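Student: Fold the following and give me the result.
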Amino acid sequence: MQARHAILVALCLITAFQSYPSPLGAAEPPAGFTALFNGQNLDGWHGMGHFDPRKLASMSDDERAAKRAADWQDAQAHWSVENDELVNDGHGAYLTTDKEYGDIELLIDYKTVAKADSGIYLRATPQVQIWDFTEEGGKWNIGADKGSGGLWNSSKGAPGKDPLVLADKPFGEWNKFRILQVGERTTVYLNDKLVVDNARMENFWDRKSPLFAKGPIQLQTHGGEIRWRNIFIREIGAEEANTILARNAADGFESVFNGKDFSGWAGPIENYDVDQGVIRCKPGKGGTIHTEKEYTDFVVRFQFKLPPGGNNGLAIRYPGTGDTAYKGMCELQILDNDAPKYAKLDQRQYHGSAYGMVAAHRGYLRPTGEWNFQQVTVQGSTIKVELNGTEILNTDLSTVTEFMGKPVTGKDRTSGYFGFAGHSDPVEFRDVQILDLGAKN
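Tutor: Residues are numbered from 1 along each chain as shown. Next up, the predicted model:
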């Protein structure tokens, strides 16, 4: 954990702390950040309470406009600006950014009072918790004794639900949050102490689905006065997000592609190129290339880039011959989901799916031409796929009884090769690393 912590700190604008505003009055954003609160009024914000974003999206334009008007009237009655501070009296609609955000770094100060209970919604989802951490606050029975900053609405026992350390300052003093979110992966610092370390933020509204790809930031109202200031945000681009998601090489991952040639690989390698650290399927060519080493349980992580309409796949526990989609444990799709020619596919054919067996959640690919980060965990009969920090597939293939077309005869394989199943498109892969879980058993 310490190594991962060090990398996150190094990568995510340490200079932001050096230019962090002083506690006296409103300040200019640190380098690379923009201000969400201008210190004068509520421009850039609207009101919305605890409300399922899916219901909001399903409303008609007129219904949505009416709700927004009513919520805004409610918010204005309970929110004000004093001395460059955003003040809420403990009631009313939550203050909500007009803009929606995906991967971000958020800096925000708050000061609250005894027995208060509040929080910060990310992507319209609860929440980074804020509350009275004292016994007198009356909520030790639900975790307040552990302090603020945890992802309190995650499931019991989930990493990140409880903060790693108690970092709250006494009432009357300002607290400072630094929040990093890439996909579902959320890291929280409270008063410069790490309280949540790269934990998945669950989708409170539907725990069977991933966290939304984007959504507004909301400041919760919950019965006690809370003040906010120095609210700054920085949107994280794809390259930086991929770097954040890649953990330290010392954690057991080994590179299985040297970036120069196909040493350690077998199969129709003549159908692929290696160029400046990238494996690329030749246009019009294909076939399954694979590692020379076999694996039982493993974690593989890599980056990939799709051309428009690109199609490839991951060979999981591949036997070395035949079509991995049927002879291997499975083929995990690598696909441009938005290409018009794929508009009418079976849901089990889209990106991240166990081909023909189990559909992955959609909506988490980066635009074609950008590098994506993916991690796949294979343990026993289970497979998890995390795309750009969001879990899009978590399934047990031993339970599959319905197939698209013919059965996958290899789905119960317990070992095999890892590889890429090309389908004529110049899909690119780089930084291919595997953690061999079987070697530890």
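
Student: which residues touch the residue nearest the centre of the chain?
Tutor: In the chain, the centroid-proximal residue (CA atoms, centre = their mean) is residue 183; its distance is 1.6 Å. Residue 183 makes contacts with 103, 211, 241, 245, 364, 386-390, as judged by CB atoms under 8 Å, 6 or more residues apart in numbering. The way it works is simple: take the backbone N, C-alpha and C, and place the C-beta from them, glycine included.

Student: ok, these vs residue 436, which is closest?
Tutor: Nearest to residue 436 among these, counting by CB to CB, is residue 386 at 18.3 Å.

Student: part of a strand, is that closest one?
Tutor: Yes: under DSSP: H, G, I helix; E, B strand; the rest coil, residue 386 sits within a strand.

Student: hmm, back to that, now go through the contacts of residue 183 and say which are in helices.
Tutor: 241, 245 (DSSP state H).

Student: Tabulate the contacts of residue 183 (JSON lines), appending distance to residue 62.
Tutor: As requested, these are arranged in JSON lines below (distance: CB to CB, whole Å):
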{"residue": "103", "distance to residue 62": "33"}
{"residue": "211", "distance to residue 62": "29"}
{"residue": "241", "distance to residue 62": "37"}
{"residue": "245", "distance to residue 62": "41"}
{"residue": "364", "distance to residue 62": "31"}
{"residue": "386", "distance to residue 62": "39"}
{"residue": "387", "distance to residue 62": "36"}
{"residue": "388", "distance to residue 62": "35"}
{"residue": "389", "distance to residue 62": "36"}
{"residue": "390", "distance to residue 62": "33"}
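
Student: In JSON lines, list the contacts of residue 183 along with neighbour count, pLDDT and distance to residue 251.
Tutor: Shown next, in JSON lines, are the contacts of residue 183 (neighbours: other CB atoms under 10 Å; pLDDT from 0 to 100; distance: CB to CB, whole Å):
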{"residue": "103", "neighbour count": "22", "pLDDT": "98", "distance to residue 251": "22"}
{"residue": "211", "neighbour count": "26", "pLDDT": "98", "distance to residue 251": "24"}
{"residue": "241", "neighbour count": "25", "pLDDT": "96", "distance to residue 251": "19"}
{"residue": "245", "neighbour count": "20", "pLDDT": "95", "distance to residue 251": "13"}
{"residue": "364", "neighbour count": "26", "pLDDT": "98", "distance to residue 251": "24"}
{"residue": "386", "neighbour count": "25", "pLDDT": "97", "distance to residue 251": "15"}
{"residue": "387", "neighbour count": "25", "pLDDT": "98", "distance to residue 251": "20"}
{"residue": "388", "neighbour count": "25", "pLDDT": "97", "distance to residue 251": "20"}
{"residue": "389", "neighbour count": "26", "pLDDT": "96", "distance to residue 251": "17"}
{"residue": "390", "neighbour count": "22", "pLDDT": "98", "distance to residue 251": "21"}
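
Student: Can you tell me which of the contacts of residue 183 is nearest residue 134?
Tutor: Closest approach between those and residue 134, by CB to CB: residue 211, at 31.2 Å.

Student: of the contacts of residue 183, closest to residue 97?
Tutor: residue 103 (15.0 Å).

Student: Please report the distance of the closest residue to that closest one other than its chain neighbours from residue 65.
Tutor: In this structure, residue 103 finds its nearest non-sequential neighbour in residue 236, 4.0 Å apart by CB to CB, 6 or more residues apart in numbering. Separation of residue 236 from residue 65 (CB to CB, to the nearest Å): 32 Å.

Student: Could you do residue 256 as well?
Tutor: Using CB to CB, one gets 54 Å for the distance from residue 256 to residue 65.

Student: So for the two, which sits in the more crowded spot?
Tutor: A count of neighbours by other CB atoms under 10 Å puts residue 256 above the other of residue 256 and residue 65, at 20 against 11.

Student: Please give me every residue in contact with the more buried one.
Tutor: 264, 291, 293, 418, 432-434.

Student: how does it look with 10 Å?
Tutor: Neighbouring residues of residue 256 by CB atoms under 10 Å, 6 or more residues apart in numbering: 263-265, 291-293, 295, 300, 302, 418-419, 432-434, 436.

Student: for residue 295, same thing?
Tutor: Per CB under 10 Å, 6+ apart, neighbours of residue 295: 256, 316-318, 378, 415-418, 434-439.

Student: What subset of those residues is buried?
Tutor: 256, 316-318, 378, 416-418, 434-437 (16 or more other CB atoms under 10 Å).

Student: Helices of the stretch 151-300 of the chain, residue ranges please.
Tutor: 238-245 (DSSP state H, counting those that start in this stretch).

Student: all strands of it, in order?
Tutor: Remark: strands assigned in the stretch 151-300 of the chain by DSSP state E, counting those that start in this stretch are 175-182, 185-190, 193-200, 218-219, 226-235, 254-255, 265-266, 272-275, 278-281, 286-295, 298-305.

Student: for the second one, packing partners?
Tutor: In this case it means strand 185-190. Under the contact definition 3 or more CB pairs under 10 Å, 6 or more residues apart in numbering; DSSP states H and E, strand 185-190 sits against helix 2-11, strand 104-112, strand 125-131, strand 175-182, strand 193-200, helix 238-245.

Student: Now the shortest one: buried residues?
Tutor: Under the neighbour-count criterion of 16+ other CB under 10 Å, strand 125-131 has 125-131 buried.

Student: pretty sure residue 71 is in a helix, no?
Tutor: Yes: Residue 71: assigned to a helix according to three-state DSSP.

Student: looking at the protein, which helix or strand is least sure?
Tutor: Least confident helix or strand of the chain, by mean pLDDT, DSSP states H and E, is helix 15-18 with a mean of 37.

Student: And this structure, what are its domain boundaries?
Tutor: 2-242, 254-440 (automatic domain parsing).

Student: and those, which one is worst for confidence?
Tutor: For the domains of the chain, mean pLDDT drops lowest on domain 2-242, to a mean of 90.

Student: Tell me which residues touch residue 166, please.
Tutor: 133, 145-149, 190, 193, 195.

Student: Tell me who's in contact with residue 307.
Tutor: With CB under 10 Å, 6+ apart, residue 307 has these contacts: 280, 283, 336, 339, 368-369, 425-428.

Student: Show me which of those residues is closest to residue 207.
Tutor: Closest to residue 207, out of all of the contacts of residue 307 and judged by CB to CB, is residue 336, at 28.7 Å.

Student: was I right about that closest one contacting residue 343?
Tutor: No: under the criterion of CB atoms under 10 Å, residue 336 is not in contact with residue 343, lying 11.3 Å apart.

Student: what residues do the two have in common as contacts?
Tutor: With CB under 10 Å, 6+ apart, residue 336 and residue 343 have no common neighbours.

Student: ok, how many other residues are close to residue 169?
Tutor: For residue 169, the count of nearby residues is 14 (other CB under 10 Å).

Student: Quick check, it in contact with residue 191.
Tutor: Yes: between residue 169 and residue 191 there is a contact at 6.1 Å, judged by CB under 10 Å.
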